[in-house]
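*Asks:* Sequence and predicted model, in that order:
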Amino acid sequence: MHRPLTATAEATSNIALVKYWGKRDLALNLPRTGSISVTLDSLTTRTTVRFDDGLEADRIEFEGNHSARGTARIVRFLDLLRAQAETDLHAHVETQNNFPTAAGLASSASGFAALAVACDAALGLGLSDSELSILARRGSGSAARSIFGGYAEMRAGEEADGSDAYAVPIADPEHLPLTLLVAVTARGEKSIGSTEGMRRTETTSPFFEGWTRQVPKDLAAMRLAIRDADLEQVGVLAETNCLRMHAVALGAHPPLLYWNPTTVAAMQAVKELRGQGRGVWFTIDAGPQVKAICAPEDASHVARHLRAVPGVIEVLQAVPGPGARVVSEIPS
Ligand code: PMV
């Protein structure tokens, strides 16, 4: 009789307020600069992992489907775990998102944070939060931040082995209440993935050096704005930093244009609302969706306005939430 080692974990997506765009080491997935994000209460991934000596290969299921997409990345991640735990057990991984994956919203942050926490619990590794963050980073840079709830800062680190490249919590979810509204402007649109986008930007954009010089200044300002719970300052800095990230990406060859006409219309709708005195700012990642940041009391007004933008398919809503966590565990 063999005894399966199993655990289920949940993690939510996070939105970068100061973006990560560039790697100092591709193999270890080390960021060139730090980043700051807020972990959300929804856009959740729930993952169950079972290491089992009855399995002859890893079995990966997304929402009940076997999908080639993402499977190789997860198997590589499981290989890291096996090395760390000194085991050769294969795993059955079942993962589901509570948000429409076809919406083109990045699920790698919540996905690898949930997987790291589930694997740690299943194998009884007892990793610290920093170690979990380092592990999640190997799957996806932004996943390192979803280990923590509320506001978190990813440290770029200096060590060649990445041992100091992990996220740290900087403020609780309640410290600075805000609402994030995601205006979905395209479904399942294929955009250039972040790894390829970053590589292309680093190697061909003449603005990349300027970006790496600017990010530490944006991080310092964002840290203060969060410390002071100053939503306006957080919003202004997030919007500015997002446009800088897109500017450096637009300078790549071939250029990285992640926006569609509805993306631009939604950005303009946010600016229009601001012109009417509303505190609302946008940020955009490596895709066409527009994420508006505002005070919770303004959320329904802003959501209504975004829904009215021609081409906006739906508007999703989230507030700051908890970090990645085990939701069930069978003790071994
Ligand atoms: O975690 P990755 O490799 O998918 O990169 C994330 C890149 C951005 O979402 C554009 C910015 C960020 O910091 O999350």
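*Replies:* Alright, I've got the coordinates.

*Asks:* Can you tell me the SS state at Ile293?
*Replies:* Secondary structure assignment for Ile293 (DSSP: H, G, I helix; E, B strand; the rest coil): strand.

*Asks:* wait, it sits on Gly235?
*Replies:* Yes: Ile293 lies in contact with Gly235 (C-beta atoms under 8 Å); the separation is 5.1 Å. C-beta coordinates here come from the backbone N, C-alpha and C atoms, glycine included.

*Asks:* which residues do the two both contact?
*Replies:* Val280, Trp281 (C-beta atoms under 8 Å, 6 or more residues apart in numbering).

*Asks:* what about the residue of the stretch 51-200 of the chain found nearest the ligand, how many residues close to it?
*Replies:* Nearest to the ligand, among the residues of the stretch 51-200 of the chain, is Ser142, at 3.2 Å (C-beta to the nearest ligand atom). Here the count is done by other C-beta atoms under 10 Å, and Ser142 has 28 residues near it.

*Asks:* thinking it is in contact with Ala109, fair?
*Replies:* Yes: the pair Ser142 and Ala109 passes the contact test of C-beta under 8 Å, sitting 4.1 Å apart.

*Asks:* which residue packs closest to Pro216, ignoring adjacent ones?
*Replies:* Distance criterion C-beta to C-beta, 6 or more residues apart in numbering; nearest residue to Pro216, sequence neighbours excluded, is Thr33 at 6.8 Å.

*Asks:* list the contacts for Gly162?
*Replies:* Contact partners of Gly162, counting by C-beta under 8 Å, 6+ apart, are Asp25, Leu28, Asn29, Leu30, Ile134, Arg137.

*Asks:* State the pair within these that is farthest apart.
*Replies:* Based on C-beta to C-beta, the longest span within these runs between Asp25 and Ile134 and measures 12.9 Å.

*Asks:* Run through the residues of the chain sitting next to the ligand.
*Replies:* Neighbours of the ligand within the chain, by C-beta under 6 Å from any ligand atom: 16, 19-20, 35, 106, 108-109, 140-142, 194-195, 285-286.

*Asks:* Buried subset of those residues as a PyMOL selection?
*Replies:* The buried residues among those can be selected in PyMOL (16 or more other C-beta atoms under 10 Å) with this line:
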select buried, resi 16+19+20+35+106+108+109+140+141+142+194+285+286
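
*Asks:* Next, format the residues of the chain next to the ligand as TSV and append pLDDT and secondary structure.
*Replies:* As requested, these are exported to TSV (pLDDT from 0 to 100; DSSP: H, G, I helix; E, B strand; the rest coil):
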residue	pLDDT	secondary structure
Ala16	98	strand
Lys19	98	coil
Tyr20	98	coil
Ser35	98	strand
Ala106	67	coil
Ser108	89	helix
Ala109	94	helix
Ser140	95	coil
Gly141	97	coil
Ser142	97	coil
Ser194	92	helix
Thr195	93	helix
Asp285	95	coil
Ala286	94	coil
